[in-house]
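Student: sequence-free structure coming up:
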């Protein structure tokens, strides 16, 4: 027989009146932990699913004043179009690709994610910042023009290819941050 949280609390309170105080404290503490456990399990049923690539639009935005000496900065935008709230946490995977989809150069570097998950309601967008080093600023680079970027949203194995012609290098020339709120994102 499953007792509700309120019924368990009343039962523990009645038992506490009938036994010595040390045992009563133990029963009350047990009741609190049982109650908290029951509440925790009901919250587990309300867990938010992770965002998956098929339910997302992935796009690139060029912010105003995006240039720095030898680098250009862009926002990778992830918009939830799935029809339900989902969470996105971590660092996207990014690689430059040819017209045939073959990878050109090294994938984007990144530091381990350490921020909170971004909760996205339907229609909401979160961002990661992409830094691309200008090919001419990379020593020993023999540039090739890419057709786009293959972008894996964080914690996904399915990618989207976003048209984005850019000069690439065989060496690592891109760096991507973890997803965060839509505001100025910074690199470590």
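Tutor: Nice, thanks for sending it over. What you are looking at is a predicted structure, and each value in this text was computed from that prediction instead of being measured. Numbering: from 1, shown residues only.
Student: for the chain, what spans make up the helices?
Tutor: 5-18, 21-44 (DSSP state H).
Student: low-scoring pLDDT stretches of this protein, where are they?
Tutor: Where the chain drops to pLDDT under 70, the residues are 1-46, 66-67, 182-188.
Student: Show me how it divides into domains.
Tutor: With domains defined by automatic domain parsing, the chain comprises 5-44, 53-176.
Student: The longest one spans what distance, first to last residue?
Tutor: Domain 53-176 stretches 18 Å from its first residue to its last (CA to CA, to the nearest Å).
Student: most tightly surrounded among the domains of the chain?
Tutor: Across these, the average number of neighbours (mean count of other CB atoms under 10 Å) peaks for domain 53-176, which reaches a mean of 17. C-beta coordinates here come from the backbone N, C-alpha and C atoms, glycine included.
Student: Now do that one: distance to the chain's middle.
Tutor: 13 Å (CA atoms, centre = their mean, to the nearest Å).
Student: nearest spatial neighbour of the residue nearest the centre of the chain, skipping sequence neighbours?
Tutor: Centroid-nearest residue in the chain, with CA atoms, centre = their mean: residue 89, separated by 1.7 Å. Leaving aside its chain neighbours, residue 89 sits nearest to residue 117 (3.8 Å; criterion: CB to CB, 6 or more residues apart in numbering).
Student: you'd agree the one you found is up against residue 88?
Tutor: Yes: Residue 117 lies in contact with residue 88 (CB atoms under 8 Å); the separation is 6.7 Å.
Student: which residues does the residue nearest to residue 89 contact?
Tutor: Counting by CB atoms under 8 Å, 6 or more residues apart in numbering, residue 117 makes contact with 87, 88, 89.
Student: Export the residues you listed to CSV and append columns for distance to residue 138.
Tutor: Formatted as CSV, those follow (distance: CB to CB, whole Å):
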residue, distance to residue 138
87, 36
88, 30
89, 31
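Student: Tell me the one among the residues you listed nearest to residue 160.
Tutor: Relative to residue 160, the closest of the contacts of residue 117 is residue 88; by CB to CB it sits at 13.7 Å.
Student: Quick check: the closest residue to that closest one other than its chain neighbours vs residue 113, distance?
Tutor: Leaving aside its chain neighbours, residue 88 sits nearest to residue 51 (4.5 Å; criterion: CB to CB, 6+ apart). Using CB to CB, to the nearest Å, residue 51 is found at 14 Å from residue 113.
Student: How about residue 165?
Tutor: Following CB to CB, the distance that separates residue 165 from residue 113 is 29 Å.
Student: for residue 87, same thing?
Tutor: Separation of residue 87 from residue 113 (CB to CB): 13 Å.
Student: same check, this time on residue 85
Tutor: Counting by CB to CB - residue 85 and residue 113 are separated by 20 Å.
Student: got it, and residue 96?
Tutor: For residue 96, the distance to residue 113 - CB to CB - is 22 Å.
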